[in-house]
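Participant: next one to model:
(one chain, ligands or ions: 1)
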Amino acid sequence: MDKEVEPFCRALPKVELHAHLNGSISVATMERLIARKPHLNIKHSMTAIHKGQRRTLDECFQVFKVIHQLVDSEEDLLMAAKAVIREFSEDGVRYLELRSTPRVETNTGLTKRKYVETVIEAIRQCKQEDVDIDVRFLVAVDRRNGPEVAMETVKLAEDYMLSSEGIVVGMDLSGDPMVGHGKDLLPALQKARNCGLKLALHMSEVPCQKEESELLLTLPPDRIGHGTFLHPEVGGSWSLVHKVREGNIPLELCLTSNIMGKTVESYEKHHFPYWYKLGHPCVLCTDDKGVFSTSLSQEYQLAASTFGLDQEALWILSQQAISCSFAPEAIKQQLEKRWAEHPLQLTYSQDSGAKRK
Ligand code: 6MZ
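Facilitator: Down below sits the predicted model:
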């Protein structure tokens, strides 16, 4: 592998569009959280999957349950969210869409409203502290909780979309893909769409969700999370591919997560090249950088080494992610300008005659 690829990926300005807050908590922050709650007797091995290890998706969802025990108060949430935002910034992420599922914790008095407000507060504080990153919030619906909770969550997201000065921009549909069915959640998602919330939906993360994906595509979503089993070579269908292509719906692709969670056999067999070769908008993302022990820079490096992408291709991937974001147009333009004026771009332009522009 090109030995310069590692520093290049770190220096590359990046856009992260698929990051679950509680799955993104680093080892260092986890240590602080564990120290705050020694009575829970939680070990590090219970909150992250280390390099080289693999778990079933089901086991991954057990990990989230453990993390939720550690992040159960406003104070924990504020600390964890601020740390996650700082770490993304330190990794060169300049625009981040963080997603998280509002939770009630009766022990600590945490309500869903307080949950959303705390994440917004963390984003505001990072801005005030001049952390070099623009952060937006996608309020998440956990599919496990059914249609009523989904509808409640949409209401919550709508309220904060209107009152958070542009921080809440959309919704995510996530949670254990083996539980529940998208058809029950369709009315809530439709409502979200109608009130102007953008939709980033996990789709076909596991096989056997063909029918659900067909249904969700009727909304249609603004972005698709994973989409691992959409194409016919892995049991999906031409009709699904056609709809995704026709709508030009960007895919959020998380290499390490899919390998560690065993939904994809190996990096070589990942669906990234299928869509990339079609010229379809693909955005590299981390999913859960804490749980899967990764970073966005590492995901770019993995894509480079596995699929033979050169620096120019990596640059284009990161730049194209701007247009896939839910940022307001003015912010997109600012980001485009920032990319265009970035020292890496200038160096590259001199070498290659500014092919990227
Ligand atoms: C589906 C996932 C996920 O919301 O508490 N989540 N949902 N597929 C995945 N692939 C591995 N990874 C994370 O963050 C944790 C929650 O995000 C969703 C799950 O609902 C998980 O409980 P928050 O911040």
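
Participant: hang on, S100 packs against H20?
Facilitator: Yes. With contact defined as CB atoms under 8 Å, S100 and H20 form a contacting pair (6.7 Å). (Glycine included, C-beta is placed from N, CA and C.)

Participant: quick check: neighbours shared by these two?
Facilitator: Residues touching both S100 and H20 by CB atoms under 8 Å, 6 or more residues apart in numbering: A140.

Participant: pLDDT score for D288?
Facilitator: Looking at D288, its pLDDT reads 98.

Participant: that one is in contact with S257, isn't it?
Facilitator: Yes. The pair D288 and S257 qualifies as a contact (CB under 8 Å) at a distance of 6.2 Å.

Participant: so which elements touch the helix or strand that contains L17?
Facilitator: For L17, the host element (DSSP states H and E) is strand 14-20. Strand 14-20 is packed against helix 74-90, strand 93-100, strand 282-284, helix 296-307, helix 311-324, with contacts defined by 3 or more CB pairs under 8 Å, 6 or more residues apart in numbering; DSSP states H and E.

Participant: try it again at 7 Å.
Facilitator: Contacts defined by 3 or more CB pairs under 7 Å, 6 or more residues apart in numbering; DSSP states H and E place strand 14-20 against strand 93-100, helix 311-324.

Participant: which of these sits closest to C126?
Facilitator: Distance to C126, taken as CB to CB, is lowest for strand 93-100 among these, at 9.8 Å.

Participant: could you find the closest non-adjacent residue to L186?
Facilitator: Nearest non-adjacent residue to L186, counting by CB to CB, 6 or more residues apart in numbering: L215, 6.5 Å away.

Participant: and the gap between E105 and the ligand?
Facilitator: 12 Å (CB to the nearest ligand atom, to the nearest Å).

Participant: how about the residues of the stretch 1-150 of the chain that lie near the ligand?
Facilitator: With the criterion set to CB under 6 Å from any ligand atom, the stretch 1-150 of the chain comes near the ligand through H20, L21, N22, G23, C60, F64, S100, T101, A140, D142.

Participant: now do the same for the third one: helix, strand or coil?
Facilitator: Under DSSP: H, G, I helix; E, B strand; the rest coil, the three-state class of N22 is helix.

Participant: low pLDDT regions in the stretch 1-150 of the chain?
Facilitator: 1-2 (pLDDT under 70).

Participant: go again with 50.
Facilitator: Across the stretch 1-150 of the chain, nothing is flagged by pLDDT under 50.

Participant: quick one: residues contacting G175.
Facilitator: D142, R143, R144 (CB atoms under 7 Å, 6 or more residues apart in numbering).
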